[in-house]
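Trainee: here is a sequence together with a model predicted from it:
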Amino acid sequence: KFADTYRSISRITQPSLSVVLIADLFKQIERLMNFDFEQQQVQFNFSLRESNLTLTIDVSLIEQVILNLIINAIDATRHLHEKKIRIQGYLTEQGKVVIEIADNGTGIPVEILDTIFVPFFTTKKDGSGIGLSLSKQIMQLHKGTILVESETSKGSIFKLVF
């Protein structure tokens, strides 16, 4: 299923774009993930620095990226007593819209940080190695980038920059 999804996304050359309020995008993601947050006992926080912030995106593709990053964050915090995930949207001084997904999990070892976006690379026993690679491709389709900052035992911050 993952390989089929990967192949189908790889064939997408033109995303179906629409203007979306990030607040609405966050509400939808919160609805989709609320059960998981409760089940995993994760403290989560959605915030926007500017309430009327919009993006021109393919909603389903960007939702897929954000959900993948949240699921990874939940996995990174699974052994912690106090699990925290923060999702934030803001506008940079350069006028770029950023969606940031941060966790207080295990972090990513510096020696593999450069390989996490390589297709089929995974450190998870049950992982496929497709999620982050696919996320990077989706961001490139939106003429954006995905950045990561991570510190072992402190957590990770993924930034979707549009």
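Mentor: Right, received. Where do you want to start?
Trainee: measure how buried the nearest residue to residue 105 once chain neighbours are set aside is and give me the count.
Mentor: Counting by CB to CB, 6 or more residues apart in numbering, residue 76 is the residue found nearest to residue 105 once chain neighbours are left out, at 2.8 Å. Where C-beta positions appear, they are placed from N, C-alpha and C, glycine not excepted. Residues near residue 76, counting by other CB atoms under 10 Å, number 20.
Trainee: same check on residue 51?
Mentor: So residue 51, with other CB under 10 Å, has 9 neighbours.
Trainee: how near is it to residue 159?
Mentor: To residue 159, residue 51 is 20 Å away according to CB to CB, to the nearest Å.
Trainee: cool, and residue 103?
Mentor: 13 Å.
Trainee: looking at the two, which is more packed in?
Mentor: Higher neighbour count among residue 103 and residue 159: residue 103, with 28 against 19, using other CB under 10 Å.
Trainee: which one is that one nearest to, not counting chain neighbours?
Mentor: Counting by CB to CB, 6+ apart, residue 73 is the residue found nearest to residue 103 once chain neighbours are left out, at 3.7 Å.
Trainee: same check on residue 136?
Mentor: Nearest non-adjacent residue to residue 136 (CB to CB, 6+ apart): residue 117, at 4.7 Å.
Trainee: pretty sure the one you found is touching residue 133, no?
Mentor: Yes. With contact defined as CB atoms under 8 Å, residue 117 reaches residue 133; the gap is 5.6 Å.
Trainee: okay, those two: which has more neighbours?
Mentor: Neighbour tally, residue 117 and residue 133, criterion other CB under 10 Å: the higher count belongs to residue 133, 20 against 17.
Trainee: SS state for that one?
Mentor: For residue 133, the secondary structure call by DSSP: H, G, I helix; E, B strand; the rest coil comes out as helix.
Trainee: go ahead and confirm it touches residue 118.
Mentor: Yes. Between residue 133 and residue 118 there is a contact under CB under 8 Å: 6.6 Å.
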